[in-house]
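In: just to be clear, the model below is a prediction. Sequence and coordinates:
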Amino acid sequence: AKSSGRNNYQFFAPALRSYGFELLQWEAALRRAIERQEFVLHYQPQVSLGSGALIGVEALVRWHHPEHGLVAPDRFIPLAEESGLIVRLGEWVLREACRQNRAWQMAGLASVPVAVNLSAQQFRQDICALVAAALDESQLDPACLELELTERVLMDDEVLSTLQALKRMGVGLSIDDFGTGYSSLGYLKRFPLDRLKVDRSFVADIGQDGDDEAIVQAIVQLGRTLRLRVVAEGVEAWRQWRFLAAIGCDDVQGFLTGRPVEAGELERLWRAWRPA
Ligand code: C2E
Ligand code: CA
Ligand code: CA
Ligand code: CA
């Protein structure tokens with residue numbers, strides 16, 4: 001099947017996916033894709049609720065499959081994790097995001113952090129060396145790189161020294177999908193985090209569901225108390241924006257202020273940016 005457009009994700013036939021050999025074929029295809037560099041990063045703006053300024057971008061990987069078109073990460077990240085290919089893919093993502101952010105700065109755009117998603121598996125490699133190499137190669141200021149970690153990464157106490165080393169290098173650390181993972185809050189004070197990203201499942205029903213509003217409010221309060229910046233994910237409507245601004249959330253990321261787009265398109269948007 002062909003993709004009908006560059007932003008239409010091709011969903012693989014579920015019937016085929018359930019066969020083991022199909023899975024192996026996809027794994028082989030993924031491996032080839034890494035060699036052939038068929039991946040592309042899209043970037044989504046992060047916006048300050050106070051000023052409306054663009055204060056960061058998140059890099060989100062897509063697979064530009066020669067036959068299936070643009071494939072969304074939910075379709076191949078799990079496979080990449082299972083097969084261990086995520087380590088090489090993640091390395092490419094990190095280098096490319098740093099290179100692109102530096103290129104934007106050289107082109108006169110503001111210096112803001114680019115956020116990169118890290119898989120728990122990448123912490124089994126020497127992630128500090130990899131980050132150092134990506135920064136060195138791109139000449140990007142460490143303050144302009146932010147690493148997004150899941151609660152799963154933080155479950156492991158052995159990552160503490162790694163995160164401390166990354167912190168000393170000057171990169172930002174944020175916790176992704178906050179509230180959906182393991183419920184221990186102890187790591188919030190143990191680990192040197194800068195930012196907390198409220199999962200979009202809590203943001204979706206703001207304005208309709210009092211329980212979700214109470215949860216978001218509690219997370220924002222927790223972030224303030226611990227001096228972490230709080231960004232709400234999945235903001236699609238002004239009612240969510242207004243609520244988040246009223247409770248003192250710092251930033252938003254969502255379709256309301258910009259979908260993930262390719263680098264050239266993001267640059268165009270950015271240059272025309274008018275605070276909301
Ligand atoms: P995530 O890190 O939570 O990224 C945010 C996801 O929410 C993105 O999906 C983004 O397109 C989507 N999103 C943003 N705003 C809205 C909104 O207003 N409404 C809705 N409904 N969705 C919104 P995407 O790009 O499909 O990525 C899915 C997940 O794949 C990411 O979730 C992340 O866990 C993973 N991922 C993406 N890129 C990478 C990567 O380079 N490395 C690793 N390890 N994982 C990645
Ligand atoms: Ca993320
Ligand atoms: Ca997230
Ligand atoms: Ca709900």
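Out: Here it is on my side, so go on. Numbers count the residues shown, from 1 in each chain. Ligands and ions are numbered 1, 2, ... in the order given.

In: within its sheet, name the partner strands of the longest strand seen in the chain and how each one runs.
Out: Taking DSSP state E as the criterion, the chain has its longest strand at strand 54-65. Strand 54-65 has the following strand partners under DSSP bridges: strand 39-48 (antiparallel), strand 69-71 (antiparallel), strand 114-117 (parallel).

In: looking at the ones you listed, which is closest to ligand 2?
Out: Taking CB to the ion, strand 114-117 is the member of the strands paired with strand 54-65 nearest to ligand 2, at 4.5 Å. (Glycine included, C-beta is placed from N, CA and C.)

In: with just CA atoms, put the helix or strand that the closest one is followed by into CSV.
Out: For strand 114-117, the following helix or strand on the C-terminal side (DSSP states H and E) is helix 127-138. Extracted in CSV, the C-alpha atoms of helix 127-138 (Å, rounded to 0.1, in the frame of the first residue of the first chain):
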residue,chain,number,x,y,z
ILE,A,127,25.1,7.7,27.2
CYS,A,128,27.3,10.4,28.7
ALA,A,129,30.0,9.7,26.0
LEU,A,130,27.4,9.8,23.3
VAL,A,131,25.9,13.1,24.5
ALA,A,132,29.4,14.6,24.8
ALA,A,133,30.2,13.5,21.2
ALA,A,134,26.9,14.9,19.8
LEU,A,135,27.5,18.2,21.6
ASP,A,136,31.1,18.4,20.5
GLU,A,137,30.4,17.5,16.9
SER,A,138,27.6,20.0,16.6
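
In: up against ligand 1, what does the protein have?
Out: 44, 60-61, 72-74, 77, 90, 93, 117, 119, 176-177, 200, 234-236, 254-255, 260 (CB under 6 Å from any ligand atom).

In: any of the residues you listed buried? List them.
Out: Buried members of those, counted by 16 or more other CB atoms under 10 Å: 44, 60-61, 73, 77, 90, 93, 117, 119, 176-177, 200, 234-236, 254, 260.

In: from the residues you listed, which land in strands?
Out: Using DSSP E, those in strands are 44, 60-61, 117, 176-177.

In: got JSON lines for those residues, with distance to ligand 3 too?
Out: Output for these, formatted as JSON lines (distance: CB to the ion, whole Å):
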{"residue": "Gln44", "distance to ligand 3": "11"}
{"residue": "Leu60", "distance to ligand 3": "10"}
{"residue": "Val61", "distance to ligand 3": "14"}
{"residue": "Asn117", "distance to ligand 3": "8"}
{"residue": "Asp176", "distance to ligand 3": "4"}
{"residue": "Asp177", "distance to ligand 3": "4"}
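
In: let me have those residues in CSV, adding pLDDT as columns.
Out: Shown next, in CSV, are these (pLDDT from 0 to 100):
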residue, pLDDT
Gln44, 98
Leu60, 98
Val61, 98
Asn117, 98
Asp176, 95
Asp177, 93
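
In: tell me the one of the residues you listed nearest Pro192?
Out: Asp176 (15.9 Å; CB to CB).

In: can you name the residues bridging to the residue nearest to that closest one when sequence neighbours are not counted?
Out: The shortest distance from Asp176 to any non-neighbouring residue, by CB to CB, 6 or more residues apart in numbering, is to Glu148 (4.4 Å). Under DSSP bridges, the beta-bridge partners of Glu148 are Asn117, Ser174.

In: just flag the most distant two among the ones in strands among the buried ones among the residues of the chain next to ligand 1.
Out: Across those, the two lying at the largest distance from each other (CB to CB) are Val61 and Asp177, at 16.4 Å.

In: the residue in the stretch 151-276 of the chain that ligand 2 sits nearest to and Val57, how far apart?
Out: In the stretch 151-276 of the chain, the residue that lies nearest ligand 2 is Asp176 (4.3 Å; CB to the ion). Relative to Val57, Asp176 is positioned 15 Å away (CB to CB, to the nearest Å).

In: what do you get for Ala80?
Out: In terms of CB to CB, Ala80 sits 22 Å off from Val57.

In: and Pro113, by the same measure?
Out: 8 Å.

In: so which of the two has more stuff around it?
Out: In this view Pro113 and Val57 are compared by other CB atoms under 10 Å, and Val57 has more residues nearby, 28 against 24.

In: mutual contacts of Pro113 and Val57, please.
Out: Shared contacts of Pro113 and Val57, defined by CB atoms under 8 Å, 6 or more residues apart in numbering, comprise Asn101.
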